[in-house]
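> Quick one: sequence plus predicted model below, questions after.
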Amino acid sequence: MPKQTINIGSSANDGTGDPLRTAFDKINDNFDELYSTSLSERVSLDTSPQLGGDLDVVTHSIVSTTNRDIVLAPHGTGSVKASSLKFSGTSISSDDSTQVQINEGLNVSGATSLSTSLALATGATVTGILDEDNMGTNSATQLATQQSIKAYVDSQVTAQDLDLAGDSGTGAVDLDSQSLTIAGGTGLTSVAGSQTVTLNIDATVATLAGSQTLTNKVITAPTINGATMTGNVTVDNITLNDNIISSSSNADLILDPAGTGAINLTAATNVTGTATVTGQLNVDNLRMDANTISATSGGITISPATNQNLALGGLVTATEFQSTLGEFTTLRTDTLSTDTSNGDLTIGTQGTGNIVIDTETIARTGDMILDVSGDIYLDADGGDIFLKDGSAGTFAAFFRSGTNDLTISSSGTSALIFTDANVAAQGNLSVAGSSTLDGVTITDNTVSTNASNADLQLGANGTGVIDVLTATQTTVGSAGGASALPGQPTGYIKIKIGGTLRVIPFYDQA
C-alpha cells in the first residue's frame, strides 16, 4: 500500500485539509502497513527513514534503505558497546570482565598470536612450541617443531636394525645403512619397484590356471574337470583321436549306461558303416523304438535336400493323415476320399489355376449331381458337347454354329438353332398340350387369342391369300336346289376383310 499523506490545507482552519475522520483513517492505514509488512517490504516502502539519512527502525532492527554500510563510530576515546561486549578500535573485550565466548566456527585468515596458552575441548593446555632435536625437556604442555621431530626420528632409526628368520638360518638389516634383498630361487624370480617386491614363478612351475606341458608324468587317481587333450589318447582298448572314438582291432564299440540311464547324442551324428542300437534311441525330440518312429514333443518333419525326392516303400497307412500337397508334382492313388462321415472333399487350386482331369471318361455308378451356387460352364474349345447313352451311342449334341448361335442336333442332323432370342426348328414341331405363341394359344385343333376381347387375325404375306383347307358342296340341303336358300339365315359371322369389318350370314346344313 502506498504511503497515506494527510492533507493539512494551505493555512490553519481554511477548510481545505482532510476532515478529522479521514486524517485518522490514513494514520491507521499507515500504522497497519508499518506493523504488518515484512522487514524487507517495509524497508523498500519507507520513503522517510526514522533515523535520518538512509537509516530506519523496523520493529527491533536498524536497517539501511540503500546498499551503503551501517557504521557505528563513537567520538574520541568512546567505544561501541553491545550488551557486555565492547568494541574499541580493533579490540574486542568484555565490558564486565567475563570471558568472551565464540560459540560458532571461527575462520582466521591471518597470523594469530596467543599471549598466554591454548586450551582445546579436551587434553592438555598448550603453553608453547619448543625446538629441541633430542626432545630433552619431555614437556607435557609444549609442542615440538617439524625439524625437531625429524632429527629425533632420524637418530632413532639409525640405531635400529631388522631381524630376519627363514626356514633355515637368520639375518639382520641395519636400517640406517643396509637394504633388504629378496632373491629368487628355483622356479622363482623377484622384481622390486617403488615400495613393492613381486615374486614370479617361471615356466618350470605348473600352475592351476596356466598353460604348461607335463612330460613323462604319472598321475594316479586324478579328478579331471574339462580337460583338453591333443593327439591320440588311449584308454585300455579305446582310442580318442580328434573327433573320432575307435576301438582296437575288430572289437565292438559299446556305449552302455548304467541302470535306467540313456545314451543322449546332443549334436549331429555321422555314422559310417553299421550302427546297432538295442532298445530305444532318442535324438532330440525324435524317438526310435523297434519299428516305430515317434516324436516326444512337437511334430515330425521329413525334408529331403533341394530337388530331391522322398521315397516311401511298401504300403503306407495312417489312422489319420492330414497333408498339404503344396509341393507334390504327382499324387498317385486308387481312392481319394474323406474319412469323416458326411464330410466334404475339397479339391482346389491356387489363384486362377484349373483342375486338369487327364482321362477320357469319368465313371459313376448311380446318379451324379452337380450342385453349384453360380453358373455351370461347359467349354469344349470349338468342339461339340454330346449326350451319350452307353452302348446305344451318341444321340444328341450341342455346338455353336455361329458367333452367338447355339445348335442342338439329333443323330447328326440339326434340330433347333438358337439365335439371340429366336428359335428355328429344322423339322416338325410337336407340342403335347397347349402352346402359347406371343398372344395366340393353340390347343389341339383350336387357335385363339389369350388377350381379353382381342381380335384373332389371319394374314398372308404380300399377294398371298388365306387358304382354308376344307371340303365344299353344291347344295345347302335336300329340300331345294343350289339357288333355293331359306329366307332367313341361321346367324351372321363378323370378320374383317382387308381391314374392313364385314358380316357374313350362315345357315344350318340341315
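Cool, got the structure. Numbering: from 1, shown residues only.

> Only C-alpha atoms from now on, for both contacts and neighbour counts.
Will do.

> Residues in a beta bridge with residue 198, which ones?
Residue 198 forms beta bridges with residue 191, as assigned by DSSP bridges.

> Just to check, it is in contact with residue 188?
No - counting by CA atoms under 8 Å, residue 198 stays clear of residue 188, with 10.1 Å between them.

> of the two, who's got more company?
Each of residue 198 and residue 188 has its neighbours counted (other CA atoms under 10 Å); residue 188 has more, 14 against 10.

> Give me the distance between that one and residue 207.
13 Å (CA to CA, to the nearest Å).

> go on, residue 148?
Counting by CA to CA - residue 148 and residue 207 are separated by 52 Å.

> ok, the two, which is more surrounded?
residue 148 (15 against 10).

> Spell out the secondary structure type for that one.
The local conformation at residue 148, judged by DSSP: H, G, I helix; E, B strand; the rest coil, is helix.

> Not counting its neighbours along the chain, what's nearest it?
Leaving aside its sequence neighbours, residue 148 sits nearest to residue 133 (CA to CA, 6 or more residues apart in numbering; 4.3 Å).

> again with residue 296
The shortest distance from residue 296 to any non-neighbouring residue, by CA to CA, 6+ apart, is to residue 285 (5.0 Å).

> which residues of this protein score low on pLDDT?
Of all residues in the chain, those with pLDDT under 70 make up the ranges 1-2, 33-52, 59, 265-271, 318-329, 392-394, 401-403, 473-486, 509-510.

> Show me the helices in it, by range?
For the chain, applying DSSP state H gives helices covering 20-36, 39-45, 146-158.

> okay, those helices, which one's buried deepest?
helix 39-45 (a mean of 15; mean count of other CA atoms under 10 Å).

> The spatially most central residue of the chain: what's it in contact with?
Geometric centre of the chain, nearest residue: residue 298, 24.7 Å, by CA atoms, centre = their mean. Residue 298 is in contact with residue 285, counting by CA atoms under 8 Å, 6 or more residues apart in numbering.

> From residue 317, how far out is it?
Counting by CA to CA - residue 298 and residue 317 are separated by 21 Å.

> Just the endpoints, please. Distance across stretch 286-306?
23 Å.

> What residues of it count as buried?
Across stretch 286-306, burial judged by 16 or more other CA atoms under 10 Å covers residue 287.

> Over to stretch 417-432?
Neighbour-count burial for stretch 417-432 flags 417-418 (criterion: 16+ other CA under 10 Å).

> centre of the chain versus it, how much separation?
Here stretch 417-432 is found 70 Å from its chain centre; the criterion is CA atoms, centre = their mean, to the nearest Å.

> gap between the two ends of that stretch?
End to end - CA to CA - stretch 417-432 spans 21 Å.

> start at 8 instead
All right, first residue 8 from here; so that's stretch 424-439.

> how many other residues sit next to residue 68?
With other CA under 10 Å as criterion, residue 68 counts 9.

> So what sits opposite it in the bridge?
Here residue 68, judged by DSSP bridges, has bridge partners residue 65.

> Give me the distance between it and residue 297.
Separation of residue 68 from residue 297 (CA to CA): 108 Å.

> Check residue 433 too.
In terms of CA to CA, residue 433 sits 77 Å off from residue 297.

> before we move on, what about residue 286?
From residue 286 across to residue 297, the span is 7 Å (CA to CA).

> so what sits against both of those two?
With CA under 8 Å, 6+ apart, residue 286 and residue 297 have no common neighbours.

> Mind listing the residues bridging to residue 171?
Beta-bridge partners recorded for residue 171 (DSSP bridges): residue 178.

> I should have written residue 512 there, sorry.
Bridge pairing for residue 512 (DSSP bridges) gives the partners residue 499.

> you'd agree it is up against residue 500?
Yes - here residue 512 reaches residue 500: they are 6.1 Å apart, a contact under CA under 8 Å.

> which residues touch residue 321?
With CA under 8 Å, 6+ apart as the criterion, no residue contacts residue 321.

> And residue 104, by the same measure?
Counting by CA under 8 Å, 6+ apart, residue 104 has no contacts.

> what do you get for residue 390?
Contact analysis of residue 390 by CA under 8 Å, 6+ apart lists residue 406.

> Compute the distance between it and residue 424, please.
16 Å.

> and if you look at residue 249?
89 Å.

> same thing with residue 308?
60 Å.
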